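no sequence for this one, just the structure:
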């Protein structure tokens, strides 16, 4: 009886330690991510056929983000599928879905380029929205300002239990290159 109680206590302590260690590692990574610097370096545009209206193609944008990790430990950028809005003086403007389809690790005290996929909202005409977005970002870059984005959605965090969806909602500033 005492032996079974001891085994149960030992298993419970081990499972508790393992869970707290995994959660602790994830929290450390998220805290380290907040210390990283993100810069928009380039945006590649890809046209694809539009089955609804063949004369106007659909657009996929691939922003290249420079991630500088000042931390003494490596940082993992998880797989995610987020909605993104540009925050302007006139309010928020919904841009579309921002996706990272493969996790990336950034080594300590180094810089890595991460290519994301941005699927713009393509209801109605996309052209005026893209021109407005490009104009706003271009003006901000000329002034040496940062762009402010609100991102929200789900990040897939790797853990011993598999991929866990973690809800995210935050405002992020990205320095634009002149």
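Thanks, I have it. The structure displayed is predicted, hence computed values, not measured ones. Numbering: from 1, shown residues only.

so the spatially most central residue of the chain bridges to which residues?
For the chain, the residue nearest the mean C-alpha position is residue 80 (5.9 Å; CA atoms, centre = their mean). When bridges are called by DSSP bridges, residue 80 pairs up with residue 100, residue 155.

what residues are up against residue 90?
Shown in contact with residue 90 (CB atoms under 8 Å, 6 or more residues apart in numbering): no residues. Where C-beta positions appear, they are placed from N, C-alpha and C, glycine not excepted.

how close does it get to residue 172?
Distance of residue 90 to residue 172, given as CB to CB, to the nearest Å: 19 Å.

before we move on, back to that, if I look at the residue nearest to the centre of the chain, how far off is residue 44?
19 Å.

Just the pLDDT at residue 111, thanks.
Residue 111 is assigned 92 on the pLDDT scale.

Report the secondary structure state of the nearest residue to it once chain neighbours are set aside.
The spatially closest residue to residue 111, leaving aside those adjacent along the chain, is residue 68, at 4.8 Å (CB to CB, 6 or more residues apart in numbering). Per DSSP: H, G, I helix; E, B strand; the rest coil, the secondary structure class of residue 68 is strand.

Over to residue 133?
Under three-state DSSP, residue 133 comes out as helix.

Could you give the number of residues near the spatially closest residue to residue 148 that is not a sequence neighbour?
Spatially, and ignoring its direct neighbours in sequence, residue 148 is nearest to residue 87 (4.2 Å; CB to CB, 6+ apart). The tally of other residues near residue 87 (other CB atoms under 10 Å) stands at 15.

One more: residue 82?
With other CB under 10 Å as criterion, residue 82 counts 20.

Find the helix or strand that the residue lying closest to residue 57 once chain neighbours are set aside is a member of.
Closest residue in space to residue 57, ignoring its immediate chain neighbours: residue 47 at 4.1 Å, by CB to CB, 6+ apart. When elements are assigned from DSSP states H and E, residue 47 belongs to strand 37-48.
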